[in-house]
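Trainee: Based on what follows, work out the 3D shape:
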Amino acid sequence: MKEQTKRIYIADDDDHIREIIKTFLDSDGYETEVFERGDLLLGRFAEKPCDLVILDVMMPGPDGFAITSELRKTSTVPIILLTARDSENDLARGLGLGSDDYITKPFSAMALLMRIRAIFRRIEFEREKHGEPLRESVRFRDLSLEEDRRSVLLKDEALALTPTEYEVLKYLILHANQAVSRKELLETVWGFETAVETRATDDTVRRLRQKITQSDAVISAVWGYGFRLEEKK
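Mentor: Numbering: from 1, shown residues only. The predicted structure follows:
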């Protein structure tokens, strides 16, 4: 059966950037729709959901952060933020609201395409796994990984995790008590390594630490290398 064409919505108030992204993605076989404001994209998404959303952070009306927050109330659609800001706080805010990735302007269309392909590869990998026998839950201290439900339980209560947070915490649980490098996480979760995504990994781990503060487990830093999920001392 022929794979269904992926639909991507793009919101950016810059006509030139919208058309460059649209032209490039159309030529790669995606079906795209463009919007000059985030609220227009949000309205279209309510009528007909898409497979991935690309949002500029700075737009008239509701900005990319606000649109991300609204989308996350009803959908786990992958979201990539485009931002002219190179602030740690702004990048962490976007990821904290539930975006799956971000790319700082100026950027190349090929770099954006690589991010999109990496996200779709992760989704396809998860779908293929559903054809395999379900694994039993994997536990570490009071954390339980439920792969069939794509969730992590803390003391039998489901943690509210974004798709990216889930993938990072899953990898740490499956490699509990082992030092996991940033490179491993970047290649496994994001699909490839860049300096920007190094910050994304650190931001994601910082949020996960906040979400498991009541756990018997803790994510410790391995200086100059990465992280380790271990028993809280």
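
Trainee: make it CA atoms for all contacts and neighbour counts henceforth
Mentor: OK.

Trainee: So which bits of the top helix by length along the chain are buried?
Mentor: Longest helix of the chain, by residue count under DSSP state H: helix 109-129. Judged by neighbour count (16 or more other C-alpha atoms under 10 Å), helix 109-129 contains these buried residues: Leu112, Arg115, Ile116, Ala118, Ile119, Phe120.

Trainee: repeat for stretch 4-12
Mentor: Under the neighbour-count rule (16+ other C-alpha under 10 Å), stretch 4-12 has Arg7, Ile8, Tyr9, Ile10, Ala11, Asp12 buried.

Trainee: Dump the helix or strand encompassing Thr68 to CSV, restricted to CA.
Mentor: Secondary structure from DSSP states H and E places Thr68 in helix 64-72. Backbone C-alpha positions of helix 64-72 (Å, rounded to 0.1, in the frame of the first residue of the first chain) are rendered in CSV as follows:
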residue,chain,number,x,y,z
GLY,A,64,4.2,30.6,18.6
PHE,A,65,4.3,29.8,22.3
ALA,A,66,0.6,30.5,22.7
ILE,A,67,-0.3,28.4,19.6
THR,A,68,1.9,25.5,20.9
SER,A,69,0.1,25.7,24.2
GLU,A,70,-3.3,25.6,22.5
LEU,A,71,-2.4,22.7,20.3
ARG,A,72,-1.1,20.6,23.2
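
Trainee: which strands and helices sit next to the helix or strand just after it?
Mentor: Using DSSP H and E, the helix or strand that follows helix 64-72 in sequence is strand 79-83. If contacts are counted by 3 or more C-alpha pairs under 8 Å, 6 or more residues apart in numbering; DSSP states H and E, strand 79-83 sits against strand 52-56, strand 101-104.

Trainee: Now for the residue nearest to the spatial centre of the chain: which residues touch it?
Mentor: The central residue of the chain, meaning the one whose C-alpha is nearest the mean C-alpha position (C-alpha atoms, centre = their mean), is Asp100 at 1.9 Å. For Asp100, the contacting residues are Pro78, Ile79, Ile80, Thr162, Pro163, Thr164, taking C-alpha atoms under 8 Å, 6 or more residues apart in numbering as the criterion.

Trainee: Just name the shakiest helix or strand of the protein by mean pLDDT.
Mentor: Ranked by mean pLDDT, DSSP states H and E, the helix or strand of the chain with the weakest confidence is helix 88-96, at a mean of 66.
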